[in-house]
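# pasting the sequence and the predicted coordinates here, then a few questions.
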Amino acid sequence: EAAEKGGYEHFMLKEIHEQPRALRQALTGRVDALSGDVDLDLGLPEEYLQSLEEIQIVAAGTSYHAGLYAEQLLEELADVRVTTHVASEYDVGGGRDPWQTLVVAITQSGETADTLEALRSAKASGARTLAVTNTVGSTVTREADETVYIHAGPEIGVAATKTFVSQVATATMLAVALGRTRGALSRDEASAVLDSLRGLPGAIQQVLDREAEIEAIAQEYADREAFFFLGRRLGYPVALEGALKLKEISYDHAEGFAAGELKHGPLALVTDDVLVLSVLTQGSNPEATLHNVAEVDTRGAATVGFGEAKGDGSVLDHSFSVPEAGLLEPVVANVYMQLFAYHVARSKGRAIDKPRNLAKSVTVQ
Ligand code: G6P
């Protein structure tokens, strides 16, 4: 097992560091940034994609957060109505007009029972289905009409890391491909997004190179009573994912909030024993979130920000820059949060690769 960990103490840390490579694999042979073209070998007729009225995403756990990210990308780049559903709550059976609806199941393992069940009910209603998965030959690939692989390589740690980033990258390619097919995206616009995508492995590497700094922050704040993650727009799914990662492996109380919702309840929980971590990148309306950071600062919470919002940075106790990555900047910020979760859990001696009560793939409903 030590050999499989490639010198890392845990699979999770190895997989966090594998992200640039996993992403390069996901992009290989699929992206032509110069021409703005993406080839995902989708297998769905062009006329169908052009007349598509709705996309419904079904997923669970980390894949659900990737779905929320994908939803915003698809709406913006492909001009299509998208809703994202927690798979176990999906009961809309293919939407208003199933024949014009594509149901996309995002699942790392391809075996999550709730996600498979949602896919089956969508199929039964007449909707077409697409699987976005990491696992060749998994059940979802046999049941969905079409499959797109995220090509992240095997993920052993129960807490998903590299597959989240690869899911978002694959969703970006899907959004660009659809946007081009539907005439919603010009060649230049597509090229710009694909440029950001090609730069993503390098941007993530720059964050990984700062691991020692984030480890120091993790050690300083590991004993806080609670951890809140804030984000807006594309930063919102990242805040949810940051909190999920921390609670999964450190067993600490961690919550992700849409920053604007803070004043509608969560603010009551903020004390000087809380740490608030915020997404302040492009694509996440950082200036507005910085106001929320000021509110928690006033209540004595310690604050960490990822990305550079213009405004009163003095409300941040710690600030980490995020390399330029366009619409993908929030997912770059997520890598800091993965490292933060890992080092908090490690400082507490948790069973990081196999957290209590959790399984890598949940095959019961
Ligand atoms: C389990 C895992 C999570 C994962 C979720 C969905 O809860 O512990 O890490 O995000 O299942 O799994 P899937 O394979 O469908 O992406």
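Looks like it came in fine.

# and the gap between A66 and R21?
19 Å (Cβ to Cβ, to the nearest Å). Where you see a C-beta, it was placed from the backbone N, CA and C, and this is true even at glycine.

# neighbour count for the two, which is higher?
A66 (31 against 14; other Cβ atoms under 10 Å).

# hang on, the more buried one packs against V104?
No. A66 is beyond contact range of V104, at 10.7 Å (criterion: Cβ atoms under 8 Å).

# and the residue of the chain nearest the ligand?
Nearest residue of the chain to the ligand (Cβ to the nearest ligand atom) works out as G61 at 2.7 Å.

# what's the longest helix seen in the chain packed up against?
Scanning the chain for the longest helix, with DSSP state H as the assignment, gives helix 187-208. Identification of packing neighbours for helix 187-208 by 3 or more Cβ pairs under 8 Å, 6 or more residues apart in numbering; DSSP states H and E yields helix 19-27, strand 31-32, strand 37-38, helix 162-181, helix 329-347.

# helix or strand right after that helix?
Downstream of helix 187-208, the first helix or strand assigned by DSSP states H and E is helix 211-221.

# any idea which helix or strand comes after that next one?
Assigned by DSSP H and E, the successor of helix 211-221 is strand 226-231.

# keeping just the C-alphas, turn the following helix or strand past that following strand into PDB.
Next in sequence after strand 226-231, counting helices and strands by DSSP H and E, comes helix 235-250. Output of helix 235-250 as PDB, limited to C-alpha atoms (Å, rounded to 0.1, in the frame of the first residue of the first chain):
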ATOM      1  CA  GLY A 235     -18.100  30.200  -5.500                       C
ATOM      2  CA  TYR A 236     -21.300  28.800  -3.900                       C
ATOM      3  CA  PRO A 237     -20.900  25.100  -4.900                       C
ATOM      4  CA  VAL A 238     -17.200  25.500  -4.000                       C
ATOM      5  CA  ALA A 239     -18.200  26.700  -0.500                       C
ATOM      6  CA  LEU A 240     -20.500  23.700  -0.100                       C
ATOM      7  CA  GLU A 241     -17.700  21.400  -1.300                       C
ATOM      8  CA  GLY A 242     -15.100  23.000   1.000                       C
ATOM      9  CA  ALA A 243     -17.400  22.400   4.000                       C
ATOM     10  CA  LEU A 244     -18.300  18.800   2.900                       C
ATOM     11  CA  LYS A 245     -14.600  17.900   2.600                       C
ATOM     12  CA  LEU A 246     -13.800  19.200   6.100                       C
ATOM     13  CA  LYS A 247     -16.700  17.500   7.900                       C
ATOM     14  CA  GLU A 248     -16.100  14.200   6.100                       C
ATOM     15  CA  ILE A 249     -12.500  13.800   7.200                       C
ATOM     16  CA  SER A 250     -12.000  16.000  10.300                       C
END
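
# D97 against E53, yeah?
Yes. Shown here, D97 and E53 form a contact pair, counting by Cβ under 8 Å, at 6.2 Å.

# circling back to that earlier point, mean pLDDT for the helices and strands packed on helix 187-208 - can I get that in JSON lines?
Below are the helices and strands packed on helix 187-208 laid out as JSON lines (pLDDT from 0 to 100):
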{"stretch": "helix 19-27", "mean pLDDT": "97"}
{"stretch": "strand 31-32", "mean pLDDT": "94"}
{"stretch": "strand 37-38", "mean pLDDT": "94"}
{"stretch": "helix 162-181", "mean pLDDT": "98"}
{"stretch": "helix 329-347", "mean pLDDT": "98"}
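
# and these as CSV, adding distance to H264?
Output for these, formatted as CSV (distance: least, Cβ to Cβ, whole Å):
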stretch, distance to H264
helix 19-27, 34
strand 31-32, 41
strand 37-38, 39
helix 162-181, 27
helix 329-347, 22
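
# close to the ligand: what parts of this structure are there?
60-63, 107-109, 112, 115, 158-160, 358-362 (Cβ under 6 Å from any ligand atom).

# give the buried residues for the longest helix of the chain.
Buried residues in helix 187-208, counted by 16 or more other Cβ atoms under 10 Å: 190-197, 199-201, 203-205, 207-208.

# got it, and stretch 262-270?
Buried residues in stretch 262-270, defined by neighbour count with 16+ other Cβ under 10 Å: L262, P266, L267, L269, V270.

# am I right that I106 sits in a helix?
No. I106 is assigned strand when assessed by DSSP: H, G, I helix; E, B strand; the rest coil, not a helix.

# for it, the count of nearby residues, please.
32.

# just checking, it touches T62?
No. If you go by Cβ under 8 Å, I106 and T62 don't touch, sitting 9.4 Å apart.

# count of neighbours near the residue nearest to Y236 when sequence neighbours are not counted?
In this structure, Y236 finds its nearest non-sequential neighbour in A258, 5.0 Å apart by Cβ to Cβ, 6 or more residues apart in numbering. Close neighbours of A258, defined as other Cβ under 10 Å, add up to 19.

# same question, the one 3 residues further on
Residues lying near E261 (other Cβ under 10 Å) number 14.
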